[in-house]
Structures are given as structure tokens and as C-alpha cells.
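1. Just need the structure, nothing else, for what follows:
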Amino acid sequence: MNTVRRNLLAAAAVLGTVAMLFSGAGAQERGEIGIAVGETPQPPTIETLDGEPVDLAEYVGERPLLLEFWASWCEQCEALQPSMDAAFERYGDDVGFLAVAVAVAQSQRAVRRHLERHAIPFLMLWDTRGNATRAFLAPATAYVVILDAEGKVAYTGIGPQQDIVQAVGDVLAAETTAGG
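-> Numbering: from 1, shown residues only. As a prediction, this is how the structure comes out:
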């Protein structure tokens, strides 16, 4: 086994272990894990699954944005998907939804094949260089960040027990209260 593949497998094992540690966790308190609520991250440029650059700043600023850090091999992501689907169905007109496929132990081609068998209702992007992972301090897959319409972190959570419908509803309610 070559060194690159061995390193990728080791990184996948670490991400999987972290995700399992937090599998019962829902929303995290400020500063517990990942980027802090209230922070305004600089949206990075990542890629489509076809390798085209995508500036995440294009998705920030007009309405809230939900980002899920995801992998085809992530059991926690699979368990979280029904909550993601329900939130998208209920709030997809009011909130942007993006999945960010991490470039650990999977390829763009493998992600595309996975999506052919297990479609998700929102855009899947590719974090080939870890730009989004670093910008949002993503500790593992099944990590969710919701930015408010101003681009500030309004929610972070990890694991399959997150109530994404409630989290998105809370962010939208805060937007309404702040705006009116």
C-alpha cells in the first residue's frame, strides 16, 4: 500500500472516530467544537464534483446557508440524511443547502457514483484541498454549520442526533426577530 493511500485511510479512521465520539451529540455549545457561533468565516473557494471552482461567498449574504460536511463512507451522515431531507423539504425555499464532500478516502468519481444510488436534494461540492474544512473548523463528517443571512455562524452541530428542522427553524425565527 503506498504512503498516500495509507495516510488517507488513517485520516478517514480519525474522522470516523471523532464522528462516533459525537454520534449522540446534537447542537454544540459555543466554543465546544468547530467554529464558534457568532464568528464570520471567510467563505473559501472549493469545487464542483467536476472540478470547476466554486466560491462559497456566492452563497452567503442573501439568506441563511446550511453546510454539511459529508463523506460517502460516513455512517453518521447516512443517519443524519432524513433530518437533512426534512429540513430541505420544509425550508429549501428560504435557506441555501450545500453538502461539502471531504476529500478523505473518497474521490469525486466515488461521490458521483454514490449520489447516483443515493440522491440528495441539494448541491454536493468537493473540498479537494480542505479549504472549507479549515474555514469552518470542521472536526469530522456529519458536521453542520448554519450561517445567518449576514454570514455569521448561527448554529453548529455534529452527529446524527441533530434536529436540523428545528435548527433551521430557530435560525429563521432569529432572522425574523432581528429584521422586524
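
2. just the helices in the protein please.
-> 3-21, 75-91, 108-117, 131-135, 164-179 (DSSP state H).

3. just checking, what packs against the second one?
-> Taking 3 or more C-beta pairs under 8 Å, 6 or more residues apart in numbering; DSSP states H and E as the contact definition, the neighbouring helices and strands of helix 75-91 are helix 3-21, strand 65-70, strand 96-102, helix 164-179. All C-beta atoms are positioned from the backbone trio N, CA, C, and that covers glycine.

4. To P53, which of the helices of the chain lies closest?
-> Ranking the helices of the chain by distance to P53, with C-beta to C-beta as the measure, places helix 131-135 first at 10.4 Å.

5. what's the offset of that closest one from the middle of its chain?
-> Relative to the centre of its chain, helix 131-135 is centred 11 Å away, using C-alpha atoms, centre = their mean, to the nearest Å.

6. what do you get for stretch 171-180?
-> On the basis of C-alpha atoms, centre = their mean, stretch 171-180 sits 22 Å off its chain's mean C-alpha point.

7. Contacts only, for L137.
-> Applying C-beta atoms under 8 Å, 6 or more residues apart in numbering to L137 gives the contacts 34-35.

8. how close does it sit to E39?
-> Here the criterion is C-beta to C-beta, to the nearest Å. By it, L137 lies 9 Å from E39.

9. Q166 now?
-> Counting by C-beta to C-beta, the gap from Q166 to E39 is 21 Å.

10. How about E175?
-> From E175 over to E39 (counting by C-beta to C-beta), the distance is 17 Å.
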